[in-house]
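In: kindly generate the corresponding structure for this input.
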Amino acid sequence: MAETQQQRSVFALNQLIAAGKDSELACTSGASNVHDAQLRDILASTAESCRGSVRELQSMVSAMGGDPAERGSMQGTLFRSWMALRHMLQPNNDDAILGMCEHEEEAARREYQSVMMKPLPPEASAMLQRQYDELMRHHGRIHAMRGMQVH
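Out: Sure, this is the predicted structure:
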């Protein structure tokens with residue numbers, strides 16, 4: 001029974017790794033494509049936070065005897081490809097780039113909420129709550145920048 005619960009925990013944490021990688025890649029791409037320096041800093045900071053969370057999750061999965069995920073989701077890859085095409089068609093649209101990043105952050109938020117409702121080891125639950133709070137802080141900053149006329 002405990003092994004099954006541990007496998008479920010590893011699977012759930014690997015889902016968060018994929019969501020974190022999706023957010024990291026979206027924000028890294030966004031930071032390299034926006035024109036506004038403040039937006040670039042916000043997206044770069046968000047990407048770095050996602051990278052740190054992913055590393056922490058990967059360490060936890062390894063400590064639980066699992067194989068940590070190394071990449072984002074297929075859905076995230078397809079979404080970023082679509083957004084890259086959209087950016088090619090509208091290269092000066094910082095708001096569209098923020099929308100892409102906000103979309104990935106929203107997907108990560110939903111994934112965290114889902115995983116946090118599952119039975120997890122106490123150390124995993126505490127880590128996830130801390131990471132979720134950080135994700136919400138970054139998500140709020142990105143959301144606040146949406147719709148602003150910054151070019």
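
In: C-alpha only now, for contacts and for neighbours.
Out: Noted.

In: and the one helix or strand Ser29 maps to, what other elements does it pack with?
Out: In this structure, Ser29 sits in helix 2-33 according to DSSP states H and E. If you count contacts as 3 or more CA pairs under 8 Å, 6 or more residues apart in numbering; DSSP states H and E, helix 2-33 packs onto helix 37-63, helix 74-89, helix 94-116.

In: quickly, which of those helices bottoms out on average pLDDT?
Out: Across these, helix 74-89 has the smallest mean pLDDT, namely a mean of 63.

In: and the helix or strand hosting Ala144, how far out from the chain middle?
Out: Applying DSSP H and E as the criterion places Ala144 in helix 122-145. Taking the mean of its C-alpha atoms, helix 122-145 sits 10 Å from the chain's own mean (CA atoms, centre = their mean, to the nearest Å).

In: angle of it against helix 94-116?
Out: Here the directions of helix 122-145 and helix 94-116 differ by 160 degrees (axes from the mean of the first three to the mean of the last three CA atoms, to 10 degrees).

In: which of the residues in helix 122-145 are buried?
Out: By neighbour count on 16 or more other CA atoms under 10 Å, the buried set for helix 122-145 is 124-125, 128, 131-132, 134-135, 138-139, 141-143, 145.

In: pull it out as PDB, backbone CA atoms only.
Out: What follows is helix 122-145, C-alpha atoms only, in PDB (Å, rounded to 0.1, in the frame of the first residue of the first chain):
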ATOM      1  CA  PRO A 122       4.200  16.200   4.800                       C
ATOM      2  CA  GLU A 123       7.500  17.500   3.400                       C
ATOM      3  CA  ALA A 124       6.100  17.500  -0.200                       C
ATOM      4  CA  SER A 125       2.900  19.300   1.000                       C
ATOM      5  CA  ALA A 126       5.000  22.000   2.700                       C
ATOM      6  CA  MET A 127       7.200  22.500  -0.400                       C
ATOM      7  CA  LEU A 128       4.200  22.600  -2.700                       C
ATOM      8  CA  GLN A 129       2.400  25.200  -0.600                       C
ATOM      9  CA  ARG A 130       5.500  27.400  -0.700                       C
ATOM     10  CA  GLN A 131       5.900  26.900  -4.400                       C
ATOM     11  CA  TYR A 132       2.200  27.600  -5.000                       C
ATOM     12  CA  ASP A 133       2.400  30.900  -3.100                       C
ATOM     13  CA  GLU A 134       5.400  31.900  -5.200                       C
ATOM     14  CA  LEU A 135       3.600  30.900  -8.400                       C
ATOM     15  CA  MET A 136       0.600  33.000  -7.400                       C
ATOM     16  CA  ARG A 137       2.800  36.000  -6.700                       C
ATOM     17  CA  HIS A 138       4.400  35.800 -10.200                       C
ATOM     18  CA  HIS A 139       1.000  35.000 -11.800                       C
ATOM     19  CA  GLY A 140      -0.400  38.200 -10.200                       C
ATOM     20  CA  ARG A 141       2.500  40.300 -11.500                       C
ATOM     21  CA  ILE A 142       2.000  38.900 -15.100                       C
ATOM     22  CA  HIS A 143      -1.800  39.400 -14.900                       C
ATOM     23  CA  ALA A 144      -1.400  43.000 -13.700                       C
ATOM     24  CA  MET A 145       0.800  43.800 -16.700                       C
END
